[in-house]
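Undergrad: Please find the sequence and the predicted model below.
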Amino acid sequence: GAVVSQHPSRVICKSGTSVKIECRSLDFQATTMFWYRQFPKQSLMLMATSNEGSKATYEQGVEKDKFLINHASLTLSTLTVTSAHPEDSSFYICSASPPGDQPQHFGDGTRLSIL
Amino acid sequence: QKEVEQNSGPLSVPEGAIASLNCTYSDRGSQSFFWYRQYSGKSPELIMFIYSNGDKEDGRFTAQLNKASQYVSLLIRDSQPSDSATYLCAGSPSTNFGNEKLTFGTGTRLTIIP
């Protein structure tokens, strides 16, 4: 089945650090990937839609200058949390859909903790 | 505002019984619906998707869609302790849903009691 890989799985760093998270589609090409954030005991909230070769589309209320998305190839999208602060601590999850109108498959997620 | 609503639970069901999870949606334009299972601390995994009115069965799971009532459900037969998780309902505006945004409900926490 379709596999979406996310790295790293966990990050603990100091306030002010920038953190890059990678999302890869391992056995298919993905022109579109999605980035979600999930706070404890809450549902997934879509942050942005990552489009290969073009700018990402951000959801209302998500700061594009803080959450930088780069979709440089058909198998890789990256999310960089710039100058992270404790309130950015969350579970970040990416997803992608294989070709042929398949449902989204999720990566394993990245748990970000900002001290 | 497009919303997908679920009873947050927790829903407790005895082992071997049928678990029934419900979801309603407010956007009549929603066409496809998805059920994801999420274990604590893990990312969601797809259980089933449905876009036609009626029932769709896959093993112990049955998804039901009623577009007139804007209602989606997931039945889990012969519930097992390993089914204990949070179940997320999501909707998409298209039947060509591959690259469409999903709107998620808040999830229902299901506990199967041995």
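TA: Received, thanks.

Undergrad: how deep is the residue nearest to A:Thr49 when sequence neighbours are not counted tucked in, by neighbour count?
TA: Once flanking residues are discounted, A:Thr49 sits nearest to A:Thr57: 4.4 Å by CB to CB, 6 or more residues apart in numbering or on different chains. No exception for glycine: its C-beta is placed from N, CA and C like everyone else's. Residues near A:Thr57, counting by other CB atoms under 10 Å in any protein chain shown, number 16.

Undergrad: Check B:Gly29 and give its pLDDT.
TA: Confidence at B:Gly29, expressed as pLDDT, is 85.

Undergrad: Which element, helix or strand, includes it?
TA: Using DSSP states H and E, B:Gly29 falls within no helix or strand.

Undergrad: how about it, what does it touch?
TA: B:Pro93 (CB atoms under 8 Å, 6 or more residues apart in numbering or on different chains).

Undergrad: ok, now which ones touch residue 3?
TA: Here I'm looking at chain A. A:Ser25, A:Leu26, A:Asp27, A:His105.

Undergrad: Sorry, I should have been clearer: chain B.
TA: Contact analysis of B:Glu3 by CB under 8 Å, 6+ apart lists B:Tyr25, B:Ser26, B:Asp27, B:Thr103.

Undergrad: With neighbour count added, can I get those residues in JSON lines?
TA: Formatted as JSON lines, the contacts of B:Glu3 follow (neighbours: other CB atoms under 10 Å in any protein chain shown):
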{"residue": "B:Tyr25", "neighbour count": "21"}
{"residue": "B:Ser26", "neighbour count": "13"}
{"residue": "B:Asp27", "neighbour count": "14"}
{"residue": "B:Thr103", "neighbour count": "21"}
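
Undergrad: Determine which two of those are furthest apart.
TA: B:Ser26 and B:Thr103 (9.6 Å; CB to CB).

Undergrad: on that earlier part again, near chain B, which of the contacts of A:Val3 show up?
TA: With CB under 8 Å from any CB of the partner chain as the criterion, these include A:His105 near chain B.

Undergrad: Tell me which entries of the contacts of A:Val3 lie within strands.
TA: Within the contacts of A:Val3, residues falling in strands by DSSP state E are A:Ser25, A:His105.

Undergrad: which of the contacts of A:Val3 lies closest to chain B?
TA: Nearest to chain B among the contacts of A:Val3, counting by CB to the nearest CB, is A:His105 at 6.6 Å.

Undergrad: and the closest one, how many residues sit next to it?
TA: Neighbour count for A:His105, taken as other CB under 10 Å: 21.

Undergrad: The one 4 residues further on too?
TA: Using other CB under 10 Å as the criterion, A:Gly109 is surrounded by 22 other residues.

Undergrad: Now for it: which residues touch it?
TA: Going by CB under 8 Å, 6+ apart, A:Gly109 touches A:Gln6, A:Ser9, A:Gln38, A:Phe91, A:Tyr92, A:Ile93, B:Lys42, B:Ser43.
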